[in-house]
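# Sequence and predicted structure are below.
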Amino acid sequence: MCKWASKYFIEGLELVRQRVKEKGIKCRLITDVNLENKGFLDTLPFLEIRHLEGLRGNFGIRDEMGYRAFILNKQNDESVQTYFSNSRTLADQQMKIFEELWRMAIPFAIRKKELEYENEKDTKRITGDSEIIQREIEVLTLTCKKDLTILSSNNFLCLLLNKFSFRNSLHSILQRGISIKILAVNVDEYLVKQIASINESLISIKPIQLGFANKIGDLNEMIMIFDDKNLLRVNYSQGNLLIAVSSNQEHAILVQQLMFEKYWNEVKSLEVMNNN
C-alpha cells in the first residue's frame, strides 16, 4: 500500500494534508515501517504514524462510521479495487481492532531510531547529557521485543524507576509479553515494594522479576541489555558526572549477558534451596 500510494495517490495525499490543516482532522496510520518506505512516510507529517510488524491486509475507517478496504492487483500495480461499507456494526468492530493494534504498535520516531540501530553495526556511543540518556532508555525500551535484563546497583535502579521515567514505558512493553529481569545488589525493601506495586498496577502477561545478589561486590553502575542486541551502561565519571555508553557490539553484549545469567541463576538456585 505504501508503494502504491507513493506512486499513484500523491494528489489524494495532498488533499488529505489540506483537509487536516483546514478542519483539524485527526489521521492515524499503522503500517510496517522499514528502510524501503521510511523516506516516503517522512513526507507525511500530517499523519500520526505507528509501526507494527507483520501486517498483511489494510482497511480504513472514517469518523468511526465508514469502512474502506483496498485490493491491489499484483499483475498491474496501477489497478486497485475498493470495498466500502457504511455499516456501523462493521465499522465498530474494525475500530476495536484498530485501537488494539494501535496500542501494540510503536511510534514512528521510535521505529526510525530502531532502524538506525539495526543499520549501524558494531557502534558505540558515549553521552553525558541526562536528557539524552533518558531518551536513549525510552527508545531502547520501546523497541524491545522479547526480553530486557538489568544488572544494577540499588541507587541506579531507583534512578531508573524515578528519574528516567522508566515506569511510563512499562505498560507498553509488559502488555507485549516482554520478559523483564532485574538483578540488584542488596535486598532493599523499598525496591521490593516499588516493583510489587508496578506489577499490581499493570495487567501484564509476564510480571517483572526482581532478584538480589550479594556476591557482585561494590557495583556502582547499571547495565541494561535489550533483546541480546543492544547494551546500555550507565555510571558516574571521575568528576561525578552521569555518563552512558550504548553499544550493539556482539562481544560486549555477550560478556555482560553471561555475567547476568551467572548471578541470576545463583540467586534463583539459592531461593529454591531456602524455600525447601
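Sure, I can see it.
# any idea where the helices of the stretch 51-200 of the chain begin and end?
For the stretch 51-200 of the chain, the helices defined by DSSP state H, counting those that start in this stretch cover 88-104, 108-119, 130-142, 154-162, 166-175, 189-201.
# How about residues contacting the fifth one?
With contacts defined as Cβ atoms under 8 Å, 6 or more residues apart in numbering, helix 166-175 is touched by 103-104, 106, 137-138, 141-142, 144, 148, 160-161, 180, 198, 202-208. Every residue, glycine included, has its C-beta placed from N, CA and C.
# tilt between it and helix 189-201?
With axes from the mean of the first three to the mean of the last three Cα atoms, to 10 degrees defining the directions, helix 166-175 sits at 50 degrees from helix 189-201.
# can you check the longest one too?
On the basis of the same axes, to 10 degrees, helix 88-104 is oriented at 160 degrees to helix 189-201.
# just checking, what packs against helix 88-104?
Packed against helix 88-104 by the contact rule (3 or more Cβ pairs under 8 Å, 6 or more residues apart in numbering; DSSP states H and E) you find strand 28-31, strand 60-62, strand 66-72, helix 166-175.
# Of all those, which one comes closest to Leu47?
With Cβ to Cβ as the criterion, Leu47 lies closest to strand 28-31 of these, at 4.8 Å.
# List the pairing partners of that closest one within its sheet, with orientation.
Its sheet considered, strand 28-31 pairs with strand 48-51 (parallel) by DSSP bridges.
# Give me the mean pLDDT for the partner strand.
Mean pLDDT, computed over strand 48-51, is 94.
# in it, what's buried?
For strand 48-51, a neighbour-count test (16 or more other Cβ atoms under 10 Å) marks 49-51 as buried.
# Of those residues, which is the nearest to Tyr190?
Looking across those and measuring by Cβ to Cβ, the closest to Tyr190 is Arg50, at 35.5 Å.
# For the closest one, give the beta-bridge partners.
Ile30, Pro107.
# Report the separation between it and Lys38.
Remark: distance between Arg50 and Lys38 (Cβ to Cβ, to the nearest Å) = 13 Å.
# now swap in Asn214 and tell me
Taken as Cβ to Cβ, the span from Asn214 to Lys38 is 47 Å.
# Repeat that for Leu47.
Applying Cβ to Cβ to Leu47 and Lys38 gives a distance of 14 Å.
# now the helices and strands packed on helix 88-104 in CSV, with distance to Arg233?
Output for these, formatted as CSV (distance: least, Cβ to Cβ, whole Å):
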stretch, distance to Arg233
strand 28-31, 34
strand 60-62, 44
strand 66-72, 46
helix 166-175, 16
